[in-house]
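Student: Quick one, structure for this:
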Amino acid sequence: MQARIRATAQGTDYSLFKAEDLEDVLVVHRRSPNHVLRFGTRPITRARELAQTPSEVDLSREAVYVKKLVEVYNERHGTAWKTEAEISDASSREHFKRAREAFFSAEDLRGSARDQVPAAVFSDLQQDMYDGVVDIEQMDHPNGMSRLSKVTEKASTVPLDSSPLIRIIRPRDRTGLCHQLANDDRLNWIGQDS
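Tutor: As a prediction, this is how the structure comes out:
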């Protein structure tokens with residue numbers, strides 16, 4: 001076995017190989033989603049503009065959290081709205097608009113992260129947010145709007161410094177992460193005790 005290895009080594013034309021400059025290698029590697037895992041640096045460089053919120057609700061993406069918001073508004077106003085289009089209270093419509101803007105801001109954050117860090121980084125960010133707000137969600141609240149408000153208020157202070165995404169997280173992303181978690185049925189606004 002050693003003789004074959006020695007023969008291969010002696011018969012190899014090493015002029016085919018060349019040394020790369022370390023800085024050039026790092027520039028290429030920095031574009032890899034795995035860079036942050038290997039070096040612990042924050043490679044997020046893409047500036048984020050404000051996310052665009054579609055004018056129409058896309059039930060294939062938004063059905064669960066939208067339904068939960070409509071339930072909160074129904075409980076608050078004693079109404080029986082079935083869809084977001086039926087919401088007639090001005091403050092609820094404005095709240096719904098802000099909630100959608102936050103949801104799509106967090107979706108934009110997910111998209112910005114997709115090419116720059118491994119997928120687990122965004123999942124970890126969602127888990128950190130969940131861990132930071134779930135105790136508030138599970139506390140006794142007089143109604144769903146109180147629960148929702150207290151959870152999103154807490155979201156604004158949850159430490160997310162350990163995430164490589166921290167440099168591009170906007171305040172509305174924090175609320176949007178809560179709506180993503182609601183959309184994934186991990187957070188609920190109505191049903192525990194309200």
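
Student: Report how many residues lie close to Gln10.
Tutor: Around Gln10 there are 7 other residues, counting by other C-beta atoms under 10 Å. All C-beta spots, glycine's among them, are computed from the backbone N, C-alpha and C.

Student: how about it, phi and psi?
Tutor: Note on Gln10: its backbone torsions stand at phi -70, psi -30 [degrees, to the nearest 10].

Student: before we move on, what about Ser162?
Tutor: Backbone dihedrals for Ser162, given as degrees, to the nearest 10, come out at phi -80, psi -10.

Student: which SSE is the closest residue to it other than its chain neighbours in?
Tutor: Once flanking residues are discounted, Ser162 sits nearest to Asp128: 7.1 Å by C-beta to C-beta, 6 or more residues apart in numbering. Per DSSP states H and E, Asp128 falls inside helix 119-137.

Student: Then Glu49?
Tutor: Counting by DSSP H and E, no helix or strand carries Glu49.

Student: rewinding a little: my guess is the residue nearest to Ser162 contacts Asp161. True?
Tutor: No - the criterion here is C-beta atoms under 8 Å, and Asp128 misses it with Asp161 at 9.6 Å.

Student: Just want to know which of the two has more residues nearby.
Tutor: Here Asp128 and Asp161 are set side by side on neighbour count (other C-beta under 10 Å), and the busier one is Asp128, at 17 against 7.

Student: Pull the helix holding Asp128 out as CSV, backbone CA atoms only.
Tutor: In CSV, the C-alpha atoms belonging to helix 119-137 read as follows (Å, rounded to 0.1, in the frame of the first residue of the first chain):
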residue,chain,number,x,y,z
ALA,A,119,-31.1,28.1,7.2
ALA,A,120,-30.7,27.0,10.8
VAL,A,121,-29.7,30.6,11.7
PHE,A,122,-33.2,31.9,11.0
SER,A,123,-34.8,29.0,12.7
ASP,A,124,-32.7,29.6,15.7
LEU,A,125,-33.7,33.3,15.7
GLN,A,126,-37.4,32.2,15.6
GLN,A,127,-36.7,29.8,18.5
ASP,A,128,-35.0,32.6,20.5
MET,A,129,-38.0,34.8,20.0
TYR,A,130,-40.4,32.0,21.0
ASP,A,131,-38.4,31.3,24.1
GLY,A,132,-38.4,35.0,25.0
VAL,A,133,-42.2,35.4,24.6
VAL,A,134,-43.9,32.1,25.3
ASP,A,135,-44.2,32.6,29.1
ILE,A,136,-46.0,35.9,28.4
GLU,A,137,-48.3,34.2,25.9
